[in-house]
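Chemist: A structural model of the following input is requested.
(2 chains)
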Amino acid sequence: MAVTMTDAAAERVSAFLANRGKGVGLRLGVRTTGCSGLAYVLEFVDDLEDGDEVFETRGLKIIIDGKSLVYLNGTELDFVKEGLNEGFQFNNPNVKDECGCGESFTV
Amino acid sequence: MALLQIAEPGQSAAPHQKKLAIGIDLGTTHSLVATVRSGQSETLLDSHGRAILPSVVGYQTEQVLTGYDALANSEQDPANTIVSVKRFMGRSLADVKARAQSFPYNFTTTDNGLVAFNTPRGKVNAIEVSAELLSQLKQRAQSALSGDIDGAVITVPAYFDDAQRQATKDAAELAGLNVLRLINEPTAAALAYGLDSGDEGVIVVYDLGGGTFDVSVLRLQKGIFEVLATGGDSVLGGDDFDQLLVADFIRGAGLTTAQLSSSDVRHLANVARQTKEQLSDAASVVAELMLSTGKYQIDVSRQHFESLIDSLVRKTLRASKRALKDAGINLDEILQVVMVGGSTRVPKVRADVAELFGKQPLTTIDPDQVVALGAAIQADVLVGNKSADDMLLLDVIPLSLGLETMGGLVEKVIPRNSTIPIAKAQEFTTFKDGQTAMMIHVLQGERELVDDCRSLARFTLTDIPPLAAGAAHIRVTFQVDADGLLSVSAMEKSTGVSASIDVKPSYGLSEDEITHMIKSSITHAEQDMGARMLAEQRVEADRVLEALIVALAADGDKLLSCSEREALEAGMLELKQIADGDDDKAIEQAIEQVNQLSEQFAARRMDLSIRTALAGHKVDEV
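Modeler: Below you'll find the predicted structure:
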């Protein structure tokens, strides 16, 4: 079980963490909400919680709770620019279907 | 696939719930838009990767150009290319003409006397021109954030008055933006530096932009910014540095202003700006002028440039000291000095500011972007993306607000430098028996007499129940919202009838005028006090006479002998004559005399009314 990050994503996450001045890493997760079943969570982490698993990649800690990991296994976090917009994108091999906007998905 | 941003722990928004909020710095020469993404405030770039949108709008028959496109066209079509439109916000044409600056535009006026421009696309006013810039920034934000913008915080100079703030709000609404709040530019800058989470203390923000100079003295206490005082000059900035260089160029080329075409003038301004920017790094620059009269080369050394701008820089330092004095702060109490505005890149400005305050100012954030970045942080809080540690911003009103009372006096309801938002109520009463209406005349200024203050608005409260003079209770409430906009309401307490007005004065005041108004209140303090005492005695004389006339008409024949009545009426006539004079002491004495003359009469009237009230009643019923 593992998740990975692209160079672009790692660079941005490091920059954001440095700018924020605190935090142990980045939380990836899913929760049941949204128009298509599940939605991604992307948050800074200040404290680890029970059931969290920690992945070290490119010098950064990615934290995923055990429940979410099932849905995220094999995911690659990328940072992309689309025109003027820019942000993070989950390349998740488990996804079967997404809502039109891509903010929520089903597995 | 939607692109995600990193949220604070536990604050991931549900899908489609993340509110998009932007901060806009609507500047005199440059405008910017910024937003908070993944916890970081950043300016949004256009499709060419540029953060700055020059505040320039060009009107052509078939299209409206904004920003760099308009700027590129400015030399060809100066009459229809509006630059520095912020200087015209909330201004009347008379205001602009009085400033004796030459503009290449075809000026006209709107129905309410505000500045407008005749263009190939018809008449446009300053609000509409600003709206073009704002909607350009809004479109940029929409494509950068892939969604509709939920709200915007727009910054304004601290010295913007009600008219100018309202004009800015109107422009934003015209551009389809939901304005969360207008905040002062210096306050936004302090937020961008994160000074809200730093040490408590006094922070000075020195903001020398393209067209305006603002200095603000803020106090940070328990995470709250309070603006202690503001000062500045709404018509001083980097543009003026450019103008000095232009004048120098014209002298250097041996020309006169009359020999220059409009496009020459615009070309000179552009070269001057480039020269100024280059002189920040280079010790000297050769300016190449391509004018209709020929080509010229002029050497400008940094030293020469610094001597040109010396008096302007000193002007900013004087205003800074004045603001400190207003705030009651000594130089050694200042914790931080924040530099804002492109003109603070000029080495002389930095050096002189450092010398005045005795410490190195903060310059690490791009001074052109710092205001927009701070506005974005505030917008993010106001739109509700940040639940915890809310920021509370307090600003001040630059001039006292009050209303006219009898005798042409001004009763101040909200004193100047009060922090906003603020609401204050005061009770007033009627002057005449049976008075059923009251005019509320709202004034701004520091002087005691109506004629010396600035009239903001008038409205009338009608349907006051007819009561004896002084019996009606009218509660007048002044409310200044967080954007610095004033609304005044008046309510008669027994019946609840009310009337109110939102103040949108037809045109604004320049900083010079504000300074003048404050200064003259000090230099005229004694004269004002005398005038107030005289006016008060006159009002009192009128009130006494009014009451006696009513009383004489009612009971004069019944209760007074002929001689008593004659004596009283003679005293009243004398009082009337003295009250027309200028001696408040004499009026006071005459009032006293009439009071003595009428003492008997008053006592008899009292007896009479008690007898009337008691007639037919038993003693134990009383």
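
Chemist: Now do the buried residues in stretch B:60-70.
Modeler: Using 16 or more other CB atoms under 10 Å in any protein chain shown as the burial criterion, the residues of stretch B:60-70 that qualify are B:64-67, B:70. For the C-beta atoms, the positions are set from N, CA and C on the backbone; glycine is no exception.

Chemist: contacting residues around it?
Modeler: Stretch B:60-70 is contacted from outside by B:46, B:48, B:50, B:53-54, B:56-59, B:73, B:77, B:80-81, B:120-121, B:132-133, B:136, using CB atoms under 8 Å, 6 or more residues apart in numbering or on different chains.

Chemist: now swap in stretch B:247-256 and tell me
Modeler: Outside stretch B:247-256, the residues within contact range by CB under 8 Å, 6+ apart are B:257, B:260, B:268, B:271-272, B:287, B:289, B:291, B:293, B:296, B:298, B:300, B:304, B:308.

Chemist: Save the residues you listed as CSV, and put in secondary structure, distance to B:Asp207 and neighbour count too.
Modeler: Converted to CSV, the contacts of stretch B:247-256 look like this (DSSP: H, G, I helix; E, B strand; the rest coil; distance: CB to CB, whole Å; neighbours: other CB atoms under 10 Å in any protein chain shown):
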residue, secondary structure, distance to B:Asp207, neighbour count
B:Thr257, helix, 31, 11
B:Leu260, coil, 32, 19
B:Leu268, helix, 26, 24
B:Val271, helix, 26, 21
B:Ala272, helix, 21, 24
B:Ala287, strand, 27, 20
B:Leu289, strand, 31, 21
B:Leu291, strand, 34, 20
B:Thr293, coil, 38, 13
B:Tyr296, strand, 34, 16
B:Ile298, strand, 30, 18
B:Val300, strand, 26, 22
B:His304, helix, 26, 13
B:Leu308, helix, 21, 16
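
Chemist: which stretches of the stretch 101-250 of chain B form strands?
Modeler: Under the criterion DSSP state E, counting those that start in this stretch, the stretch 101-250 of chain B contains strands at B:107-109, B:115-119, B:122-125, B:151-156, B:179-184, B:201-208, B:213-221, B:224-233.

Chemist: Can I have the buried ones of the contacts of stretch B:60-70 as a PyMOL selection?
Modeler: Selecting only the buried entries of the contacts of stretch B:60-70 in PyMOL, with 16+ other CB under 10 Å as the criterion:
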select buried, chain B and resi 46+53+54+56+57+58+59+73+77+80+81+132+133+136
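
Chemist: and the contacts of stretch B:60-70, which of them are in strands?
Modeler: Using DSSP state E, the subset of these located in strands is B:53-54, B:56-59, B:81.

Chemist: can you tell me which two in the residues you listed are farthest apart?
Modeler: Maximum pairwise distance among the ones in strands among the contacts of stretch B:60-70 (CB to CB): 16.7 Å, between B:Leu53 and B:Tyr59.

Chemist: Show the contacting residues for B:Ser320.
Modeler: Going by CB under 8 Å, 6+ apart, B:Ser320 touches B:204, B:206, B:215, B:231, B:353, B:356.

Chemist: Name the residue closest to the centre of chain B, please.
Modeler: In chain B, the centroid-proximal residue (CA atoms, centre = their mean) is B:Asp161; its distance is 1.6 Å.

Chemist: I figured A:Leu69 hits A:Glu53, correct?
Modeler: Yes. If you go by CB atoms under 8 Å, A:Leu69 and A:Glu53 touch, sitting 6.1 Å apart.

Chemist: if you count what's nearby, which of those two comes out ahead?
Modeler: A side-by-side neighbour count of A:Leu69 and A:Glu53, using other CB atoms under 10 Å in any protein chain shown, places A:Leu69 first with 20 against 14.

Chemist: The more buried one falls within a helix, correct?
Modeler: Yes. Assigned with DSSP: H, G, I helix; E, B strand; the rest coil, A:Leu69 falls within a helix.

Chemist: Would you check that B:Asp368 makes contact with B:Thr28?
Modeler: No. In this structure, B:Asp368 is not within contact of B:Thr28 by CB under 8 Å, at 12.0 Å.

Chemist: What distance do you get for B:Cys453 to B:Gly231?
Modeler: Counting by CB to CB, to the nearest Å, the separation of B:Cys453 from B:Gly231 is 20 Å.

Chemist: ok, back up a step: which pair in the buried residues of stretch B:60-70 has the greatest spatial separation?
Modeler: Pairwise distances across these peak at 11.0 Å for B:Val64 and B:Gly67 (criterion: CB to CB).

Chemist: Check the strands of the stretch 101-250 of chain B for me: which has the lowest mean pLDDT.
Modeler: When the strands of the stretch 101-250 of chain B are compared by mean pLDDT, strand B:224-233 comes last with a mean of 79.

Chemist: could you say what helices and strands that one packs with?
Modeler: Contact partners of strand B:224-233 among helices and strands, from 3 or more CB pairs under 8 Å, 6 or more residues apart in numbering or on different chains; DSSP states H and E: helix B:185-192, strand B:213-221, helix B:302-327, strand B:393-396, helix B:511-523.

Chemist: Where does pLDDT dip in chain B?
Modeler: Residues of chain B meeting the criterion pLDDT under 70: B:1, B:10-18, B:99-101, B:222-224, B:386-396, B:417, B:504-519, B:521-523, B:525, B:618-622.

Chemist: Now it against chain A: closest residue?
Modeler: Of all residues in chain B, B:Leu3 sits closest to chain A, at 2.8 Å by CB to the nearest CB.

Chemist: low pLDDT regions in chain A?
Modeler: Residues of chain A meeting the criterion pLDDT under 70: A:1, A:32-37, A:98-107.

Chemist: Mind telling me which residue of it is nearest chain B?
Modeler: For chain A, CB to the nearest CB, closest residue to chain B: A:Gly87, 2.8 Å.

Chemist: does that residue have beta-bridge partners, and which?
Modeler: For A:Gly87, the beta-bridge partners are A:Val80 (DSSP bridges).

Chemist: Give the full set of residues in contact with it.
Modeler: Contacts for A:Gly87 (CB under 8 Å, 6+ apart) come out as A:79-80, B:2-5, B:37-38.

Chemist: cool, and B:Ser301?
Modeler: Contacts of B:Ser301 by CB under 8 Å, 6+ apart are B:283-284.

Chemist: Please report the distance of it from B:Ala287.
Modeler: From B:Ser301 to B:Ala287 the distance is 11 Å (CB to CB).

Chemist: same thing with B:Leu93?
Modeler: For B:Leu93, the distance to B:Ala287 (CB to CB) stands at 34 Å.

Chemist: just B:Leu597 next, same as before
Modeler: Separation of B:Leu597 from B:Ala287 (CB to CB): 83 Å.

Chemist: for chain A, which helix is longest?
Modeler: Secondary structure of chain A read by DSSP state H shows that its longest helix is helix A:7-20.

Chemist: could you point out which element follows that helix?
Modeler: Moving toward the C-terminus from helix A:7-20, the next helix or strand (DSSP states H and E) is strand A:25-32.

Chemist: how about B:Leu362, phi and psi?
Modeler: The phi/psi pair for B:Leu362 (degrees, to the nearest 10) reads phi -80, psi 130.

Chemist: That one and B:Ala167: what is the separation?
Modeler: Distance, B:Leu362 to B:Ala167, using CB to CB: 31 Å.

Chemist: again, but for B:Arg251
Modeler: Distance of B:Arg251 to B:Ala167, given as CB to CB: 37 Å.

Chemist: out of those two, which sits in the busier spot?
Modeler: A direct count of neighbours by other CB under 10 Å for B:Arg251 and B:Ala167 places B:Ala167 higher, at 26 against 11.

Chemist: ok, that one touching B:Ala126?
Modeler: Yes. At 6.6 Å, B:Ala167 and B:Ala126 qualify as touching, with contact defined as CB under 8 Å.

Chemist: any common contacting residues for these two?
Modeler: B:89-90.

Chemist: ok, now which ones touch the residue sitting nearest the centre point of chain A?
Modeler: By CA atoms, centre = their mean, chain A has its centre lying nearest to A:Leu28, at 3.5 Å. The neighbours of A:Leu28, taking CB under 8 Å, 6+ apart as the test, are A:3, A:40-42, A:62-64, A:68, A:72, A:75, A:77, A:90.
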